[in-house]
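Participant: let me see the structure of the following:
(one chain, ligands or ions: 1)
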Amino acid sequence: MKKLNGLISATQLADRSLLESLFTAAAAMERHDAARTLKLSLSGRILATIFYEPSTRTRLSFEAAMQKLGGSILTAENARENSSAAKGESIADAIRVIGGYADVIVMRHFEEGAARSAAEISPVPLINAGDGAGEHPTQALVDTYTMTKELGSIAGKRIALVGDLLYGRTIHSLLQLLSLYEGVSIDLIAPPNLRLPAQYTEYLSANKVMFRESESLENVLSDVDVLYITRVQRERFSSVAEYEAIKDSYFVDAAMASRMKPGAVILHALPRLNEIAAEVDADPRAAYFRQARNGLFIRMALLEYLLT
Ligand code: CP
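Facilitator: Alright, predicted model coming up:
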């Protein structure tokens, strides 16, 4: 497979050997970080983050990743208001300019497709950190890496993807990576108006991935190996009333968790609102904070892959 020059869609990661090498590199990053033996392989290189939507994990883990590997960062946080976008500058012009200052750009934007358009004119590799309701491919790397670490293997596992499957960009990227593993079975659990878009169900069918669509989490809870629950995203709804009506559709508390398999794992890309009760955090199967930390090591591995 040709080496990637930037990352816009999980489609570019449809190669198990690439995934395995990134996971191996991420695990090595974690070991070296703990032992304080990291090589400063990105010394002298600059990463620019330009985020037109809020973020805690993605932006800060990319910035930490770059700095741990000896690189430096330029950051345009809240770029909608605090960059020249507020004066009307186009993304295309901004990316051309930032690409003259940095060796790699990480961009989050509120419009689906914005990352692809930006990558087409970027003079340096560009990483999609989330484009509206489109994709979030580095989160999918984090998620599959976490499943592999927690379960040993993804092949043959039954995985419930729950909540906002319509707008959930993490889900849109993740299911493409899950489809690379043999025997995976996916339960798509969503309210009727937040079902997975047809392009992704068609993708699963075309790739012969077993999947079922349902509204009921209760019916599958005791059978799944992974419960991946998502936030209903207020920012994607034009009607507050519509959001309020479905925002609490799925909720996992200790009583619900007690019905899950002993070896199952509970994931959430975070931030969570009212999807998982705080009492579940102490459950050893609650892996969402480990998942967020894995983001640091996956992004270190990805930056080193792209820049060396
Ligand atoms: N999971 C995720 O993308 O989190 P942030 O929005 O905080 O970056």
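
Participant: check the offset of the helix or strand bottoming out on mean pLDDT in the chain from the chain's centre.
Facilitator: Using mean pLDDT, DSSP states H and E, helix 240-246 stands out as the lowest-scoring helix or strand of the chain, at a mean of 77. Per Cα atoms, centre = their mean, to the nearest Å, the displacement of helix 240-246 from the mean C-alpha position of its chain is 25 Å.

Participant: how about that helix: buried residues?
Facilitator: For helix 240-246, burial by neighbour count (16 or more other Cβ atoms under 10 Å) applies to Ile246. (Each C-beta comes from the backbone N, C-alpha and C, glycine too.)

Participant: equivalent analysis for stretch 272-280, please.
Facilitator: Buried residues in stretch 272-280, defined by neighbour count with 16+ other Cβ under 10 Å: 275-276, 280.

Participant: secondary structure, distance to Ser153 and pLDDT added to those residues, as a markdown table?
Facilitator: Below are these laid out as a markdown table (DSSP: H, G, I helix; E, B strand; the rest coil; distance: Cβ to Cβ, whole Å; pLDDT from 0 to 100):
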| residue | secondary structure | distance to Ser153 | pLDDT |
| --- | --- | --- | --- |
| Glu275 | coil | 26 | 94 |
| Ile276 | strand | 25 | 97 |
| Val280 | helix | 24 | 98 |
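
Participant: ok, so of those residues, who is nearest the ligand?
Facilitator: Glu275 (13.0 Å; Cβ to the nearest ligand atom).

Participant: what's the helix or strand for the residue of the stretch 151-300 of the chain found nearest the ligand?
Facilitator: Of all residues in the stretch 151-300 of the chain, Ala269 sits closest to the ligand, at 3.8 Å by Cβ to the nearest ligand atom. Per DSSP states H and E: Ala269 is located in neither a helix nor a strand.

Participant: tally of neighbours for the residue nearest to it when sequence neighbours are not counted?
Facilitator: In this structure, Ala269 finds its nearest non-sequential neighbour in Thr170, 4.6 Å apart by Cβ to Cβ, 6 or more residues apart in numbering. Residues lying near Thr170 (other Cβ atoms under 10 Å) number 25.

Participant: would you confirm that Thr170 contacts Thr138?
Facilitator: No: in this structure, Thr170 is not within contact of Thr138 by Cβ atoms under 8 Å, at 9.9 Å.

Participant: residues contacting Asp223?
Facilitator: Residues near Asp223 by Cβ atoms under 8 Å, 6 or more residues apart in numbering: 158, 261.

Participant: can you pull the phi and psi angles for it?
Facilitator: Main-chain dihedrals, Asp223, degrees, to the nearest 10: phi -110, psi -10.

Participant: the one 10 residues further on too?
Facilitator: Here the main-chain torsion angles of Gln233 (degrees, to the nearest 10) amount to phi -90, psi 100.

Participant: surely the residue of the stretch 151-300 of the chain closest to the ligand meets Asn294?
Facilitator: No: with contact defined as Cβ under 8 Å, Ala269 does not reach Asn294; the gap is 11.3 Å.

Participant: which neighbours do those two share?
Facilitator: Common contact partners of Ala269 and Asn294 (Cβ under 8 Å, 6+ apart): Val142.

Participant: helix or strand for the residue nearest to Ala269, just tell me which one.
Facilitator: Using DSSP H and E, Thr170 sits in helix 169-178.

Participant: following the chain onward from that helix, which element is next?
Facilitator: Following helix 169-178 in sequence, per DSSP H and E, is strand 185-189.
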